[in-house]
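J.: I would like to see how this sequence folds:
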Amino acid sequence: MLSRVVIRQSDGRIQNIGPADGEAATQRLEVERKDRLRGLPVSPRARVPAEAAAATLPHAGTELAPDRADPGGTVRAITIHQPWAELIVRGEKDVENRSWRTKHRGPLLIHAGARADRDSFARHGVPEDADRSAIIGVVEVVDCKQERTSSWHEEGSWGWYLTRAKRFRKPIPMKGRRGLFEVPDRKVAAQLGGRGRKRRARSR
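T.: Model prediction:
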């Protein structure tokens, strides 16, 4: 079933076009075309915007009505155990080591998982009550490679190189997931500023 769409006219006016309206417009345009071929004058009733006919076609460049509008973008996130998540958002740990490569570049939310490496807290100066099961900050992924250019990059791992670390003032409670996952803009927009929305062209 075709949804109602909004047509923006050349003079800036907004016109609602439904499936029936679009079909009628298509028929009138066909009549107009035949009249022109015969050299007949075009009836004023036949002069309808071409956009109206296009409204019956998928991906016609029209806008969805407000009640069907895109609710917003997303930001990618990754779950990391403590104390490593805390060290990353502090800006101290500039590489996340993974067994798999990513093509993602740009903002990446840091989610502190429920589990932790308890033996590493004291060694790295992170309190054992550090936030868990929450998004605690954001970084920028600038590279992913196996060539080691940081002391944090472990031999044999894919190093995700990170910059512009920012710790959120207030952690955002959330369950973690495996791999990269999407978080709606609206959940983190207040703390992200202008760093949030996902670029569609970027992939895992």
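
J.: partner strands of the longest strand along the chain, with direction?
T.: When the chain is parsed with DSSP state E, its longest strand is strand 158-173. For strand 158-173, the paired strands and their directions (DSSP bridges) are strand 95-98 (antiparallel), strand 134-145 (antiparallel).

J.: adding distance to residue 164 and mean neighbour count, write those strands out as TSV.
T.: Any C-beta I mention is one placed from the backbone N, CA and C, and that applies to glycine too. Compiled in TSV, those are given as follows (distance: least, C-beta to C-beta, whole Å; neighbours: other C-beta atoms under 10 Å):
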stretch	distance to residue 164	mean neighbour count
strand 95-98	14	19
strand 134-145	4	20
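
J.: closest one to residue 125 among the ones you listed?
T.: Taking C-beta to C-beta, strand 134-145 is the member of the strands paired with strand 158-173 nearest to residue 125, at 16.2 Å.

J.: residues touching that closest one, excluding its own?
T.: With C-beta atoms under 8 Å, 6 or more residues apart in numbering as the test, strand 134-145 has contacts from 75, 77, 85-86, 88-89, 101-112, 158-168, 171-174, 183, 188, 191-192, 195.

J.: please work out the average pLDDT along it.
T.: Across strand 134-145, pLDDT averages out at 97.

J.: export it to PDB, keeping only CA atoms.
T.: Provided in PDB are the C-alpha atoms of strand 134-145 (Å, rounded to 0.1, in the frame of the first residue of the first chain):
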ATOM      1  CA  ALA A 134      26.500   1.900  30.800                       C
ATOM      2  CA  ILE A 135      27.700   4.100  28.000                       C
ATOM      3  CA  ILE A 136      30.400   6.200  29.700                       C
ATOM      4  CA  GLY A 137      31.900   8.200  26.800                       C
ATOM      5  CA  VAL A 138      32.800   8.600  23.100                       C
ATOM      6  CA  VAL A 139      35.900   8.500  21.000                       C
ATOM      7  CA  GLU A 140      36.800   8.900  17.300                       C
ATOM      8  CA  VAL A 141      38.100   5.800  15.400                       C
ATOM      9  CA  VAL A 142      40.800   7.100  13.000                       C
ATOM     10  CA  ASP A 143      42.500   3.900  11.900                       C
ATOM     11  CA  CYS A 144      42.400   0.100  12.100                       C
ATOM     12  CA  LYS A 145      45.600  -1.800  11.400                       C
END
